[in-house]
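K.L.:
Provide a 3D model corresponding to the input given below.
(chains A, B, C and D)
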Number of protein chains: 2
Amino acid sequence: MAAETPAIPSVWARPQREAEQPVLSREAIVREAVAMLDADGVEALSMRKLGARLNAGATSLYRHIATKDELMELAVDEVIAEICVPALVGDDWRAAVTEAAGGFRATALRHPWLSAVLGQAGLAYLGPNLMAFSERLATLFADAGFPEPSRAIDAVLAFVLGMSVTEAAWLSTVARAGETETEFVARLMPAAREAVSGHQHLTEAYAAQQAPDPAEIREAKFAYGLAVVLDGLALRLPR
Amino acid sequence: MAAETPAIPSVWARPQREAEQPVLSREAIVREAVAMLDADGVEALSMRKLGARLNAGATSLYRHIATKDELMELAVDEVIAEICVPALVGDDWRAAVTEAAGGFRATALRHPWLSAVLGQAGLAYLGPNLMAFSERLATLFADAGFPEPSRAIDAVLAFVLGMSVTEAAWLSTVARAGETETEFVARLMPAAREAVSGHQHLTEAYAAQQAPDPAEIREAKFAYGLAVVLDGLALRLPR
DNA sequence: ACGCAGCTGCGTACAGTGTTCGCAATGCCG
DNA sequence: CGGCATTGCGAACACTGTACGCAGCTGCGT
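P.N.:
Just a heads-up that it's a prediction; the model follows:
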């Protein structure tokens, strides 16, 4: 086996920073990680693959990031920034909260891995974007006149998170199967019928919901539940 | 290197089914898996370790279980069985729903890995115990006279799941640190103060909640949010 | 202008993961 | 007693996250 050519030292021989790919940075890593997570889900993200996408070795990433878990925290905070919480205009706090809740749901569905990560690490993150999100929510509820804004926030966030977790997990399963939601539902029908057999109310419920589009059902569920929560909160407003 | 001794065939030489440990069965595997998950969390469960705990090789488990994901589904359904939903007596549906919700939360906190798994798979499982749970909830809400029982169920389940996910993830983090909740809170204080600095309402909220026991705060949050949801649902009862 | 320190990238290596496959042993049934 | 289906298992494969030490580049102080 011949040794490699001794590599004449020349400017032209040197690779000149690999096609001018900009340097590895924490921001670039997080951005690319989010892209990979969006594209192929949480189990498709490995340090080696991520490094390859950035024209870098796997272990180079560790110069900018302590551990994969930390990378996940950063990715979470990155997408949290997408949610926008409107300020309160007039006294229509319901509209504002509804928009914020819808924004959270939209983000969770756009990045279905988010729910899985939150399930493992909770909302205990201290990232700046999550903090800003919470603060905007807090001002919203405080401006609306709620006596215990943080309690109200916790209630609506719990509902929104629970809904989003369920929906996102379902969508991930559908995506893994590589089918559309309607196809998947059709293919799951036999097993579902079998599972609910012998349970009277469940069978009725299954028979009842026959909307053309499963996405509409999900959206209606979310709207209904959110309205319930907001109604409950409204009772706690002074006057 | 000498070959092993040729193993004289004798009754006494044969291991006689390894200390009379009962045979490997699906139920035994799931039971032990739940025990390991409870003890050391979701990342401590590996097929090899699980096999070792059952005096078996890792790959022997695959005779009874198709894949680790399937094992997780079985584990989830196993612990779901712990939640008991009371039947409706009289017209006090709030008490019944509150008890069911509390049961869900208690189970989720007793098995903190549950939320992590549900975060990846949602409530889309079709296990018999989950089905029975849903059916009992459905009869409860139907008996209470709700026009759309499944909508009501979805709303309260979303809230309960969201709360439980958050709490369980927090508790898992605390457990990984190997401290009590109060210790961990104390150690996290500086970082938290730093994170909320510059956010007026958050700072106030942090200053406000100074209960002696963090567990009490969590419980109060849950009770408050659940009351909100139930109030909202009550408005949807006919009459 | 030069030397040196520190930062960045990376190849190798390690311990561990889920899962497949072929082989051995066992228990059951005719 | 013979054959068969089931069960357990060791080895192997393709991966994973990450520690470590070495190379090269950059920029600073003198």
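
K.L.:
does the closest residue to A:Gly57 other than its chain neighbours count as helix, strand or coil?
P.N.:
Distances taken as Cβ to Cβ, 6 or more residues apart in numbering or on different chains place A:Gly51 nearest to A:Gly57, at 5.4 Å, with adjacent residues excluded. For glycine as for every other residue, the C-beta is placed from the backbone atoms N, C-alpha and C. Under DSSP: H, G, I helix; E, B strand; the rest coil, A:Gly51 falls in the helix class.

K.L.:
can I assume A:Gly51 is in contact with A:Tyr62?
P.N.:
No - taking contacts as Cβ atoms under 8 Å, A:Gly51 lies outside contact range of A:Tyr62: 9.8 Å.

K.L.:
quick one, which of those two is more surrounded?
P.N.:
Neighbour tally, A:Gly51 and A:Tyr62, criterion other Cβ atoms under 10 Å in any protein chain shown: the higher count belongs to A:Gly51, 19 against 14.

K.L.:
Can you name the residues of chain A sitting close to DNA strand D?
P.N.:
A:Arg14, A:Leu45, A:Ser46, A:Met47, A:Arg48, A:Lys49, A:Ala58, A:Thr59, A:Tyr62, A:Thr67, A:Lys68, A:Asp69 (Cβ under 7 Å from any atom of the strand).

K.L.:
which of these count as buried?
P.N.:
Listed as buried from those are A:Leu45, A:Met47; burial here means 16 or more other Cβ atoms under 10 Å in any protein chain shown.

K.L.:
what's the following helix or strand after the helix or strand bottoming out on mean pLDDT in chain A?
P.N.:
Lowest by mean pLDDT, DSSP states H and E among the helices and strands of chain A is helix A:16-20, with a mean of 44. Next along the chain after helix A:16-20, taking DSSP states H and E as the criterion, comes helix A:26-40.

K.L.:
Show me what that next one packs onto, helices and strands only.
P.N.:
helix A:47-53, helix A:68-80 (3 or more Cβ pairs under 8 Å, 6 or more residues apart in numbering or on different chains; DSSP states H and E).

K.L.:
Let me know the angle separating that helix from helix A:68-80.
P.N.:
For helix A:26-40 against helix A:68-80, the angle by axes from the mean of the first three to the mean of the last three Cα atoms, to 10 degrees is 80 degrees.

K.L.:
ok, the helix ranked longest in chain A near chain B or not?
P.N.:
Across chain A, the longest stretch assigned as helix under DSSP state H is helix A:149-177. Yes - remark: helix A:149-177 sits within contact range of chain B at A:149-152, A:154-155, A:157-163, A:165-170, A:172-173, by Cβ under 8 Å from any Cβ of the partner chain.

K.L.:
So for that helix, mean pLDDT?
P.N.:
Helix A:149-177 shows an average pLDDT of 96 in the prediction.

K.L.:
Contacts only, for the closest residue to A:Asp69 other than its chain neighbours.
P.N.:
Leaving aside its sequence neighbours, A:Asp69 sits nearest to A:Ala121 (Cβ to Cβ, 6+ apart; 7.7 Å). Residues in contact with A:Ala121 (Cβ atoms under 8 Å, 6 or more residues apart in numbering or on different chains) are A:Asp69, A:Met72, A:Glu73, A:Val76, B:Ala169, B:Thr173.

K.L.:
follow-up on the earlier one: need the winner for burial among the helices and strands packed on helix A:26-40.
P.N.:
helix A:68-80 (a mean of 19; mean count of other Cβ atoms under 10 Å in any protein chain shown).

K.L.:
Get me the contact residues on chain A for DNA strand C.
P.N.:
So far as Cβ under 7 Å from any atom of the strand goes, chain A lies against DNA strand C at A:18, A:23-24, A:51, A:55-60, A:62-64.

K.L.:
Now the two most distant members of those residues.
P.N.:
Farthest-apart pair in the residues of chain A next to DNA strand C is A:Glu18 and A:Tyr62; separation 18.9 Å (Cβ to Cβ).

K.L.:
Are any of the residues of helix A:149-177 next to chain B buried, and if so which?
P.N.:
For those, buried by 16+ other Cβ under 10 Å: A:149-152, A:154-155, A:157-163, A:165-170, A:172-173.

K.L.:
Can you list the buried residues in stretch A:91-99?
P.N.:
Buried residues in stretch A:91-99 (16+ other Cβ under 10 Å): A:Trp93, A:Ala96, A:Val97, A:Thr98.

K.L.:
Can you give me the domain boundaries for chain A?
P.N.:
Following automatic domain parsing, one gets these domains for chain A: A:21-66, A:85-178+A:209-234.

K.L.:
Dump the ones you listed to a markdown table, plus distance to B:Ala234.
P.N.:
Below are the domains of chain A laid out as a markdown table (distance: least, Cβ to Cβ, whole Å):
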| stretch | distance to B:Ala234 |
| --- | --- |
| domain A:21-66 | 39 |
| domain A:85-178+A:209-234 | 8 |
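
K.L.:
Out of those domains, which is closest to B:Gly145?
P.N.:
domain A:85-178+A:209-234 (15.9 Å).

K.L.:
who's in contact with the closest residue to A:Ser46 other than its chain neighbours?
P.N.:
Closest residue to A:Ser46 in three dimensions, ignoring its sequence neighbours and counting by Cβ to Cβ, 6+ apart: A:Ala58, at 7.9 Å. Residues in contact with A:Ala58 (Cβ under 8 Å, 6+ apart) are A:Ser46, A:Met47, A:Arg48, A:Leu50, A:Gly51, A:Ala52.

K.L.:
Tell me the one of those nearest DNA strand C?
P.N.:
Closest to DNA strand C out of the contacts of A:Ala58 is A:Gly51 (6.6 Å), distances taken as Cβ to the nearest atom of the strand.

K.L.:
how near is the closest one to A:Ile65?
P.N.:
Separation of A:Gly51 from A:Ile65 (Cβ to Cβ, to the nearest Å): 11 Å.

K.L.:
Look up which helix or strand A:Leu140 falls in, please.
P.N.:
Applying DSSP H and E, one finds A:Leu140 within helix A:128-144.

K.L.:
Quick one: mean pLDDT for that helix?
P.N.:
Per-residue scores along helix A:128-144 average to 96.

K.L.:
okay, the angle between it and helix A:68-80?
P.N.:
40 degrees.

K.L.:
in helix A:128-144, what's buried?
P.N.:
A:129-144.

K.L.:
what about that helix, near chain B?
P.N.:
Yes - applying Cβ under 8 Å from any Cβ, one finds helix A:128-144 in contact with chain B at A:Pro128, A:Met131, A:Ala132, A:Ser134, A:Glu135, A:Ala138, A:Thr139, A:Ala142.

K.L.:
which strands and helices sit next to that helix?
P.N.:
Looks like helix A:128-144 contacts helix A:68-80, helix A:93-110, helix A:149-177, helix B:181-196, helix B:200-208 (3+ Cβ pairs under 8 Å, 6+ apart).
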